[in-house]
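just coords:
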């Protein structure tokens, strides 16, 4: 709340096109001034190049993934006349403490790449889904020791209401639980320790075969 | 005249139909109820940080506290924008006194069962279960509303609330249907907290259809409580009124802790 400066503002209205400045007025002004001094008017970063640049911006908590891999970059728009690059991002989890840091990293990376001015806009709707994590990124996540989320479409349960207790069973509570293979030894003899791991987006598991703990990126 | 058949979400969403300024006030009040309830449960859960019974639970409770405070930030910002009085999320969280808070009383109750008790994990998980199961009913209705800002917050929150319900229901089952000691503690927690759930469904001008959520909530909650071998206490005439701004003695103590920095150093920034 007061602890984090209002670097980004949530654009909660799905259709609203109100952009919030990426940073405090002072810094935004500095960015614009720096750009104008280095380049002639009209010269700016292309949207294609901006996407490439953001592929080098790592997620602070899972550094083998870029913010593009995670699927949180929803749009990049460039206003050529002013050289303003507007990046629309969506948060993974609502209270994710990395949100502000990601916005700052995006501003820094694009500024270093030559953007005259960068605006990071937050958009809540549609809500982020782990289905937006790119396939190649899932493989890298696994090699990093985190089991990637199952595609919710494959679970085919996303829109069904949660039933707590089916007749004679309380297992329905864990409809989204699956048999996970240990990312180290590939054993299927694993168990969930907690729905919440080192970050809100991951659950904590344990492999009974190699006795090592591991994390599972929860399908959301 | 308010259409009583409409859900509270639709009634809220219909604010643009030209009704009086009182309607805007009711919408702000409604959003503040959601916001304040999330904020204070988040604050109560954060009290466990560093004190959890085991490391995994310490982490889980802190994670859920973050989610709830995340909900509160968005909801408070939304309420502030609706009210149009220039109060942002920080002003609403840190500069209101207890009679201006609109949370349900359930979430402001301490984690400790008595004045000199220690933090009670049973009380914490029973409350999380009762309250987040209610949130699970609220979010889908708001997603249908015409207030697109509130609908987006609800859609985002709904995904996370599912994990909160699973987590707390897990513990209700494990501890309720556990040892004699764990069962007794869970039953005591349920007996203490259950009367405060009536407030979730008590209708008033701000939320005329609050009672509509009760049948589904109660059916789901009772299923898990029964599987956990816990006995649901009978309903009594007792009603708490936190959402109307009439709070227990515990809220001012909570706010004294939560608001200390901003009250002592107004405008301080990290």
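Cool, got the structure. Values in this document were obtained by computation on a predicted structure and should not be read as measured data.

Quick check: which ranges of chain A have low pLDDT?
Within chain A, the stretches with pLDDT under 70 are A:1-44, A:151-177.

need the strands for it, in chain order.
Using DSSP state E, the strands of chain A run over A:10-11, A:73-79, A:84-89, A:117-123, A:146-147, A:190-194, A:202-207, A:213-217.

Let's have those strands in JSON lines, adding distance to chain B.
Bear in mind the C-beta positions are built from the backbone N, C-alpha and C, glycine included. As requested, these are exported to JSON lines (distance: least, C-beta to the nearest C-beta, whole Å):
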{"stretch": "strand A:10-11", "distance to chain B": "6"}
{"stretch": "strand A:73-79", "distance to chain B": "13"}
{"stretch": "strand A:84-89", "distance to chain B": "14"}
{"stretch": "strand A:117-123", "distance to chain B": "8"}
{"stretch": "strand A:146-147", "distance to chain B": "16"}
{"stretch": "strand A:190-194", "distance to chain B": "4"}
{"stretch": "strand A:202-207", "distance to chain B": "6"}
{"stretch": "strand A:213-217", "distance to chain B": "10"}
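
Nearest to residue B:28, out of those?
With C-beta to C-beta as the measure, strand A:10-11 is the member of the strands of chain A nearest residue B:28 (17.9 Å).

what would the strands of chain A look like in a markdown table with mean neighbour count?
Shown next, in a markdown table, are these (neighbours: other C-beta atoms under 10 Å in any protein chain shown):
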| stretch | mean neighbour count |
| --- | --- |
| strand A:10-11 | 22 |
| strand A:73-79 | 17 |
| strand A:84-89 | 22 |
| strand A:117-123 | 23 |
| strand A:146-147 | 22 |
| strand A:190-194 | 17 |
| strand A:202-207 | 20 |
| strand A:213-217 | 21 |
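
Out of those strands, the one nearest residue B:182 is which?
That would be strand A:190-194 among the strands of chain A, by C-beta to C-beta, at 18.1 Å.

and that closest one, which strands flank it?
Using DSSP bridges, the strands paired with strand A:190-194 are strand A:202-207 (antiparallel).

Would you mind pulling the contact partners of the partner strand?
Contact with strand A:202-207 is made by A:146-147, A:180, A:182, A:184-185, A:187, A:189-198, A:212-218, B:56, B:59, as judged by C-beta atoms under 8 Å, 6 or more residues apart in numbering or on different chains.

from the chain's centre, how far out does stretch B:66-76 sit?
Taking the mean C-alpha point of stretch B:66-76 and that of its whole chain, the gap between them comes to 11 Å (C-alpha atoms, centre = their mean, to the nearest Å).

what about it and chain A, any contact?
Yes: Stretch B:66-76 is in contact with chain A by C-beta under 8 Å from any C-beta of the partner chain, via B:66-71, B:73-74.

Can you list the residue ranges for helices in chain A?
Applying DSSP state H to chain A gives helices spanning A:25-38, A:47-54, A:99-112, A:135-143, A:152-155.

do the stretch 51-200 of chain B as well
Assigned by DSSP state H, counting those that start in this stretch, the helices in the stretch 51-200 of chain B fall at B:55-83, B:89-94, B:105-108, B:121-143, B:148-176, B:180-193.

want to try JSON lines for the ones you listed, with distance to residue A:97, mean pLDDT and mean neighbour count as columns?
Formatted as JSON lines, the helices of the stretch 51-200 of chain B follow (distance: least, C-beta to C-beta, whole Å; pLDDT from 0 to 100; neighbours: other C-beta atoms under 10 Å in any protein chain shown):
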{"stretch": "helix B:55-83", "distance to residue A:97": "7", "mean pLDDT": "95", "mean neighbour count": "23"}
{"stretch": "helix B:89-94", "distance to residue A:97": "16", "mean pLDDT": "96", "mean neighbour count": "21"}
{"stretch": "helix B:105-108", "distance to residue A:97": "22", "mean pLDDT": "98", "mean neighbour count": "24"}
{"stretch": "helix B:121-143", "distance to residue A:97": "21", "mean pLDDT": "97", "mean neighbour count": "23"}
{"stretch": "helix B:148-176", "distance to residue A:97": "14", "mean pLDDT": "95", "mean neighbour count": "23"}
{"stretch": "helix B:180-193", "distance to residue A:97": "30", "mean pLDDT": "97", "mean neighbour count": "17"}
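
can you redo those as a markdown table with distance to residue A:139?
Shown next, in a markdown table, are the helices of the stretch 51-200 of chain B (distance: least, C-beta to C-beta, whole Å):
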| stretch | distance to residue A:139 |
| --- | --- |
| helix B:55-83 | 26 |
| helix B:89-94 | 39 |
| helix B:105-108 | 42 |
| helix B:121-143 | 33 |
| helix B:148-176 | 25 |
| helix B:180-193 | 43 |
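
Quick check: closest non-adjacent residue to residue B:32.
residue B:102 (4.2 Å; C-beta to C-beta, 6 or more residues apart in numbering or on different chains).

Tabulate the strands of chain A in a markdown table, adding columns for distance to residue B:148.
Below are these laid out as a markdown table (distance: least, C-beta to C-beta, whole Å):
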| stretch | distance to residue B:148 |
| --- | --- |
| strand A:10-11 | 11 |
| strand A:73-79 | 16 |
| strand A:84-89 | 16 |
| strand A:117-123 | 12 |
| strand A:146-147 | 34 |
| strand A:190-194 | 35 |
| strand A:202-207 | 30 |
| strand A:213-217 | 29 |
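
what number of residues lie near the residue in chain A that chain B sits nearest to?
Closest residue of chain A to chain B, C-beta to the nearest C-beta: residue A:95 (2.7 Å). Neighbour count of residue A:95, defined by other C-beta atoms under 10 Å in any protein chain shown: 22.

phi, psi of it?
phi -110, psi 20 (degrees, to the nearest 10).

can you pull the contacts of it?
A:200, B:66-71, B:73.

Same question for residue B:37.
Residue B:37 is in contact with B:103-104, B:106-107, B:131, B:243, counting by C-beta under 8 Å, 6+ apart.

let's go with 10 Å and repeat that
B:68, B:71-72, B:75, B:101-108, B:131, B:134-135, B:138, B:200, B:242-243 (C-beta atoms under 10 Å, 6 or more residues apart in numbering or on different chains).

Please apply the same query to residue A:47.
Under the criterion of C-beta under 10 Å, 6+ apart, the neighbours of residue A:47 are A:75-78, A:85-87.

a markdown table please, covering those residues and showing distance to residue B:176.
Conversion of the contacts of residue A:47 to a markdown table gives the following (distance: C-beta to C-beta, whole Å):
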| residue | distance to residue B:176 |
| --- | --- |
| A:75 | 48 |
| A:76 | 51 |
| A:77 | 53 |
| A:78 | 57 |
| A:85 | 54 |
| A:86 | 52 |
| A:87 | 48 |
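
and which of those residues is nearest residue B:84?
Using C-beta to C-beta, the contacts of residue A:47 come closest to residue B:84 at residue A:86, 26.3 Å.

Make sure the closest one is actually in contact with residue A:118.
Yes: between residue A:86 and residue A:118 there is a contact at 7.9 Å, judged by C-beta atoms under 10 Å.

Return the residues in contact with the closest residue to residue B:125 other than its chain neighbours.
Spatial nearest neighbour of residue B:125, excluding adjacent residues (C-beta to C-beta, 6+ apart): residue B:171 at 4.1 Å. For residue B:171, the contact set (C-beta under 10 Å, 6+ apart) comprises B:57, B:60, B:121-122, B:124-126, B:128-129, B:178, B:182, B:186, B:228.
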